Every structure is written in structure tokens, then in C-alpha cells.
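Trainee: From the sequence below, what's the structure:
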Amino acid sequence: MTTDPDDALRWEGDEPEAPTAPAAHTPPAAASPAPAADEPAHDEAPATEAPAVTAAESSAAPSDAEDEADEPAGVGNAALVFYGIIGGVYLLFAAGWIVGGFRLRPRASLLLGDWTYFPWMWLAALAPVLWFAATWALTRGKASWIRILALVAGAVLLVPWPFVMFGTVGA
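Mentor: Purely as a prediction, here's the structure:
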């Protein structure tokens, strides 16, 4: 374990950058004597060599253009805020179906028995949650406007009418 205060600014496996010395000026290749035509030229090293790049360095640091091309296009901030708000609306709708369903029970008991009323009431209470989950799963990989349109359509269709009509106090 090191006590370097800059450790918090690095990821595991990052190597600290070593300071590089300025490159020394090398004389141009034209100033050196040219080898004779019958001598092999492989004895001399070239005056300027490119630094060798290892496979680990080349794969560890891809260029910024490659990073941007590899990353999928994310959901925008406005869409994330909308998803959070509409998810909250769907949860409120589920609670509205439960509260409204219990308020409607005495009136519905004139026509239906409890054994037929309660399963349908709980299915109605789960409908907003199921719609949200189905929309999220079925619109994966599609354009964001398709998902938003499906969520808005569900919010319009799944309004908890027993709660709207009777409320928590009753009309």
C-alpha cells in the first residue's frame, strides 16, 4: 500500500507517468558519410527511430475516436427525467387502483361476490406496473420516442377511474 496522495486520482493498474527528457538534437542523415555501393547498409542504425509501442500499450490506450465509436448512444438527460416521472405516475396509478378498488367494493358487492371482485381488482392494480415493464422490455433497442409514446398511451389508458370517481372520501 502506498501513501501517495494522488492514488485516489488513478485507476487500479494505471502506471504513473515517468517524466520524459527532451529529445536530443541528432545531426541530419546527409551529414554522415554514405556507405559504398558494395558494403551492406544493415550495420548502421537509422538516425531517428520511432519509439517502440508494446501490444499492452496499444490495446490499453485506444484513441478518443475509437472510444466514441465503440460506445452506444446513451439516453439523454431529458429522457431519463421523463422515465423517472412517468414511472412515479405508474406507481401512483397502481396505488390509486388499490385505494379506489377498496372504496368501490361496497357498491360492487351488490352485483358481484368477493370471490369474483378481488382477483380483478388486484389485476387492475398490477396493470400499470405490467404496462411499464412490458413497454420497457418490448421497446428495447428502438427509438426513444417509441418508448415515450407507449408510456404516455399507457398513462392515458390506465387512469384509476374508481379513485377518480370516488376518491378516498367518496362522493
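Trainee: mind listing what's buried in the helix ranked longest in the chain?
Mentor: Determined from DSSP state H, the single longest helix within the chain is helix 77-108. Burial within helix 77-108, assessed by neighbour count using 16 or more other C-beta atoms under 10 Å, is assigned to 82-83, 86, 89-90, 93-94, 96-101, 103-104, 108. All C-beta spots, glycine's among them, are computed from the backbone N, C-alpha and C.
Trainee: Equivalent analysis for stretch 135-153, please.
Mentor: Across stretch 135-153, burial judged by 16+ other C-beta under 10 Å covers Thr135, Thr139, Arg147, Ile148, Ala150, Leu151.
Trainee: could you redo those residues as JSON lines and give each row distance to Pro119, pLDDT and secondary structure?
Mentor: Output for the buried residues of stretch 135-153, formatted as JSON lines (distance: C-beta to C-beta, whole Å; pLDDT from 0 to 100; DSSP: H, G, I helix; E, B strand; the rest coil):
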{"residue": "Thr135", "distance to Pro119": "24", "pLDDT": "95", "secondary structure": "helix"}
{"residue": "Thr139", "distance to Pro119": "29", "pLDDT": "92", "secondary structure": "coil"}
{"residue": "Arg147", "distance to Pro119": "30", "pLDDT": "93", "secondary structure": "helix"}
{"residue": "Ile148", "distance to Pro119": "32", "pLDDT": "93", "secondary structure": "helix"}
{"residue": "Ala150", "distance to Pro119": "26", "pLDDT": "95", "secondary structure": "helix"}
{"residue": "Leu151", "distance to Pro119": "26", "pLDDT": "94", "secondary structure": "helix"}
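Trainee: Quick check: of these, which lies closest to Arg10?
Mentor: Within the buried residues of stretch 135-153, proximity to Arg10 (C-beta to C-beta) peaks at Arg147, which comes in at 38.3 Å.
Trainee: mind pulling up the phi and psi values for the nearest residue to that closest one once chain neighbours are set aside?
Mentor: Nearest residue to Arg147, sequence neighbours excluded (C-beta to C-beta, 6 or more residues apart in numbering): Thr139, at 4.1 Å. Per-residue torsions, Thr139: phi -100, psi 20 (degrees, to the nearest 10).
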